[in-house]
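Student: 3D, please:
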Amino acid sequence: QVQLVESGGGLVQAGGSLRLSCAASGRTFSSYAMGWFRQAPGKGREFVAAIRWIIGSTRYADSVKGRFTISRDNAKNTVYLQMNSLKPEDTAVYYCAARSDYGLSAQANGYDYWGQGTQVTVSS
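Tutor: This next block holds a predicted model:
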């Protein structure tokens with residue numbers, strides 16, 4: 001089993017920044033890829049970014065490229081999402097997810113484990 005706990009959400013003005021953290025525990029993550037997704041009210045879960053634990057290669061949704069950065073600290077078993085130049089349309093519940101595969105999937109059903117989510121609200 002894998003447990004994921006997100007933190008770092010909150011309320012921020014447009015143009016501001018937030019850093020989300022996802023602390024992972026349980027099984028080893030050396031063979032895992034990690035992702036961030038988000039879900040706004042009335043919408044489906046949307047891919048944001050993904051990273052491979054070992055080599056750190058990344059993938060981003062077009063809507064966040066150049067503004068968001070995903071990273072990981074292997075020693076702390078933690079994945080981060082640095083969000084800059086935030087926009088009101090970034091408002092959503094952000095979820096951390098893990099998959100027992102190296103692929104940087106953008107599909108929510110490609111992930112095996114999920115955190116409880118953290119709310120990010122961007123005011124205009």
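
Student: And the residue nearest the centre of the chain?
Tutor: Nearest to the mean C-alpha position of the chain, counting by C-alpha atoms, centre = their mean, stands residue 36 at 2.2 Å.

Student: Just give the nearest non-adjacent residue to it, would you?
Tutor: If the residues on either side of it in the chain are set aside, residue 36 comes closest to residue 48, at 4.3 Å by C-beta to C-beta, 6 or more residues apart in numbering. Every residue, glycine included, has its C-beta placed from N, CA and C.

Student: Give me the mean pLDDT for the strand or helix carrying the one you found.
Tutor: According to DSSP states H and E, residue 48 maps onto strand 46-52. Strand 46-52 shows a mean pLDDT of 96.

Student: So which elements touch the helix or strand just after that strand?
Tutor: With elements assigned by DSSP H and E, the helix or strand that comes after strand 46-52 is strand 58-60. Under the contact criterion of 3 or more C-beta pairs under 8 Å, 6 or more residues apart in numbering; DSSP states H and E, strand 58-60 touches strand 46-52, strand 68-73.
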